[in-house]
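Undergrad: how does the following fold in three dimensions:
(chains A and B, ligands or ions: 2)
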Amino acid sequence: MSNVIQASGLTLAYDNGTKSIIQDANFSIKKGEFVFITGPSGSGKSTLLKALYGQLKPSTGTLVVGGNNLSNISRPKLQELRTHMGIIFQDYKLVNEWTVAKNVVLPLMIAGYSNEVQDTQARRLLKHVKLAEHADKYPLELSGGEQQRVGVARALSKNPVVILADEPTGNLDDYSSNVIWDLMENACQQLDTTVLVVTHKIPTIFSLPYRHFIIENRGIYEVH
Amino acid sequence: MKFINHLMFILPLMAILLGLEFYLVFERTTNNYETTLTEDYRILVVSKTPLELEFFQDLNEHIITTIEIERKGIVSNVAEGISKDNANAILNALPYFYNIGLDAYLETSEIEKIKQTLESNHYIKRVETFGSSHSSNYKLFSFIKLILEVFILFMTVVSLFLIMKQMEIWKYAHKERMQIMETFGAPMMLRSGVLFRVAFFDAIIATICVSILFFYIKYSWASQSGIDMIVKNRDVLFQASDIMVLFISAIVIVILAVYSVVFSSKGVED
Ligand SMILES: Nc1ncnc2c1ncn2[C@@H]1O[C@H](COP(=O)(O)OP(=O)(O)OP(=O)(O)O)[C@@H](O)[C@H]1O
Ligand SMILES: [Mg+2]
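TA: Ligands and ions are numbered 1, 2, ... in the order given. The predicted model follows:
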């Protein structure tokens, strides 16, 4: 099976390479794998995800995602690549002037789906994350946990090839967390979606096989 | 977007459009006025012998028409009640009169030069010019025009700065949304679609407001103004084609403004 993500000698740094966060990391992730990433606060988990969706270019080494070397990917190619990603942000990043339903179908809107398709998809996804009755509200009218679930629904709305999730259950109770884990497991199992999840707590009930990376002291290590 | 944000964009845009329209109207009015002055302006030449247009044109290229004044008409007034022979004698003694038309409205000094050229020719006995009162009117007019143009230019520059300032606010208001859309792979046109729609809408509003104002000036205010020149030139005050000129100008400004927002809010690479 092919590697969806391949990092070799990867160094990620801020401030023009002077502040390195991750150094000389090597790992590869195959299609359909489920990966948990843990590590202390400030270790660089979000930074790694940023690099994976092309917002932060590698300082040295290579990072290949879906066959694209992110060091020298063109803007249109990156745009195209991103339409196959479902990104869940630690701070949600919802568009506050849009309704919850519209936020959820942003990837469908970008892909040019009709309003009807967007509408039905929005209802369906919001039901999955238990927010059906909030479809016409605005993000700032929701609780933190509810906003987080809108972000999850958005990431899943176009059946992405890769899901990059940054603390998707960070603000949720056990019940809501399990709803999210179920959704991700389903995507991984049924659609062969590759899932990378940054979390501080790997769920105790998890039915799929998974890999576990720890980011610590600028290195990325796999726990076996 | 809030109403005030629209207003902060529409008002400077209107100021630019108003300036542009005032400029257009003034250009046209002045052109009309200059034409009137040129037609009104006359040089009267008195000569010993009949002269052709070509003769005058050889002397000065600004001369484009000559009208000979009927001498018989003059004599018939003078010679009322005297015999035909005597009348003929008067007619023969009478010089020839020519009314000379120029191709453009000229400075007083230019006119003076033409006058001297004509007078120095030995066929010509006398030269009279009429229209010096127009000249001072015209000078005042030109002066006001210059002041207005400077003012319009100044207003346009200030308005452009205001629009750019307003764009900063738009940028701030839209940056987050555009960046979120970008992380999901939205192309530039989709990211900035709202901005373009809003800006086009504002451009239309500004054009309509300015057009209405000038329609009002043309159809209501102008005829009651009692200003001779405005009443006479009412037709050129505002023309349908101006709406197009204003609209296109507004759109160009809007496109430049929006692009400045779109390109300065990329900021993806950290
Ligand atoms: N834009 C930036 N410019 C400079 N330094 C940054 C930037 N973003 C993050 N950092 C630094 O990089 C380090 C790693 O940050 P990162 O957000 O990846 O941590 P994290 O592992 O996600 O932490 P947490 O668990 O708290 O979310 C931190 O020390 C942080 O201060
Ligand atoms: Mg983080």
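Undergrad: distance-wise, check the residue of chain B found nearest chain A relative to A:L156.
TA: Distances from chain B to chain A, computed as C-beta to the nearest C-beta, single out B:G185 as the nearest residue at 3.4 Å. C-beta coordinates here come from the backbone N, C-alpha and C atoms, glycine included. The gap separating B:G185 from A:L156 is 16 Å, by C-beta to C-beta, to the nearest Å.
Undergrad: around chain B, pick out the residues from chain A.
TA: Remark: the part of chain A in contact with chain B comprises A:14, A:50, A:53, A:55-57, A:78-83, A:85, A:87, A:93-98, A:106-107, A:109-110, using C-beta under 8 Å from any C-beta of the partner chain.
Undergrad: ok, the residue lying closest to A:A153 once chain neighbours are set aside - contacts?
TA: Residue nearest to A:A153 in three dimensions, not counting chain neighbours: A:L125, with 4.2 Å by C-beta to C-beta, 6 or more residues apart in numbering or on different chains. Taking C-beta atoms under 8 Å, 6 or more residues apart in numbering or on different chains as the criterion, A:L125 is in contact with A:V104, A:V105, A:A153, A:L156, A:S157.
Undergrad: next, give phi and psi for the fourth one.
TA: It refers to A:L156. Note on A:L156: its backbone torsions stand at phi -90, psi -10 [degrees, to the nearest 10].
Undergrad: count the neighbours of it for me.
TA: Other residues within reach of A:L156, judged by other C-beta atoms under 10 Å in any protein chain shown, total 26.
Undergrad: now it: closest residue in space that isn't a chain neighbour?
TA: Counting by C-beta to C-beta, 6+ apart, A:L156 lies nearest to A:G86, which is 5.7 Å off, once chain neighbours are set aside.
Undergrad: any buried residues in the least confident helix or strand in chain A by mean pLDDT, and which?
TA: Ranking every helix and strand in chain A by mean pLDDT, DSSP states H and E puts helix A:174-191 at the bottom, with a mean of 90. Under the neighbour-count criterion of 16 or more other C-beta atoms under 10 Å in any protein chain shown, helix A:174-191 has A:S176, A:S177, A:N178, A:V179, A:I180, A:W181, A:L183, A:M184, A:E185, A:A187, A:C188 buried.
Undergrad: just checking, what packs against the lowest-mean-pLDDT helix or strand in chain B?
TA: Taking mean pLDDT, DSSP H and E as the measure, helix B:228-232 is the helix or strand of chain B with the lowest mean score, a mean of 71. Helix B:228-232 sits against helix B:3-40, helix B:222-225, with contacts defined as 3 or more C-beta pairs under 8 Å, 6 or more residues apart in numbering or on different chains; DSSP states H and E.
Undergrad: so which of those helices gets nearest ligand 2?
TA: helix B:3-40 (33.9 Å; C-beta to the ion).
Undergrad: quick one: is the longest helix anywhere in chain B near ligand 1?
TA: Within chain B, and with DSSP state H defining each element, the longest helix by residue count is helix B:132-183. No - using C-beta under 6 Å from any ligand atom, helix B:132-183 never reaches ligand 1; the gap is at least 13.2 Å.
Undergrad: which element follows that helix toward the C-terminus?
TA: Read in the C-terminal direction, the helix or strand following helix B:132-183 is helix B:188-191, with elements assigned using DSSP states H and E.
Undergrad: okay then, goodbye and thanks.
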